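**Q** next one to model:
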Amino acid sequence: AEFFEQGDRERVAGREISPLCDRKSVSRPGSQVGFIDFIIKPTFQTISALCNCQELMENMEFNRNHWADLVAKEKAAAEREANKPQGRGPWKRLSPGRFNSGTTNLRRAANDD
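**A** The predicted structure is shown next:
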C-alpha cells in the first residue's frame with residue numbers, strides 16, 4: 001500500500017510515477033509474483049547454504065502459487081472484458097449501413113449512408 005501512496009503523491013505533485021507505484025496500472029498479484037521470483041526466492045536459496053530454509057521455501061511456494069492464481073484470474077477477466085461485444089445488443093457494425101446480428105434475414109435500409 002505504501003508504494004501506491006507514494007504514486008498518489010507523485011501524481012498530485014505532477015511528477016512521473018515511480019515503477020510499481022501506480023495503482024491505476026500495476027497488478028498487485030503480478031508484482032507479488034515478481035517480488036517472490038526476483039528477490040525472495042534467490043535470497044532464500046542463498047541463505048539455505050547457511051541454515052535450513054526448507055519451511056521458508058515451502059511457505060514461499062505456497063504464497064507464490066496463491067498470487068499466481070490471482071494473476072491467472074486477472075488475465076481471464078481482462079480477456080473476457082476485451083472480448084465483450086461493444087455497443088448495445090447483439091449487433092456488430094461491419095461497415096457503414098451494414099450490421100451483423102447473427103441472422104441472415106435483415107436488409108439494408110435505402111438511406112443508411
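
**Q** where does pLDDT dip in this protein?
**A** 86-113 (pLDDT under 70).

**Q** same thing but 50
**A** Scanning the chain for pLDDT under 50 picks out the ranges 99-100, 103-106, 112-113.

**Q** which parts of it are helices?
**A** For the chain, applying DSSP state H gives helices covering 2-12, 28-35, 41-47, 54-82.

**Q** now what about the second one, what contacts it?
**A** Meaning helix 28-35. Contact with helix 28-35 is made by 20, 63-64, 67-68, 70-71, 74, as judged by Cβ atoms under 8 Å, 6 or more residues apart in numbering. Every residue, glycine included, has its C-beta placed from N, CA and C.

**Q** now the first one
**A** Contacts made with helix 2-12 from outside it, assessed by Cβ under 8 Å, 6+ apart, are listed as 16-18, 20-23, 26.

**Q** before we move on, the earlier item: just the buried members of the contacts of helix 28-35?
**A** Among the contacts of helix 28-35, those classed as buried by 16 or more other Cβ atoms under 10 Å are 20, 64, 67-68, 70-71.

**Q** now, which of these sits nearest Ile36?
**A** Proximity of these to Ile36 (Cβ to Cβ) peaks at Arg64, which lies at 4.6 Å.

**Q** do you know how far the residue nearest to the closest one when sequence neighbours are not counted is from Cys53?
**A** In space, and not counting its chain neighbours, Arg64 is closest to Ile36: 4.6 Å by Cβ to Cβ, 6 or more residues apart in numbering. Per Cβ to Cβ, to the nearest Å, Ile36 is found 14 Å from Cys53.

**Q** same check, this time on Lys41
**A** From Lys41 to Cys53 the distance is 10 Å (Cβ to Cβ).
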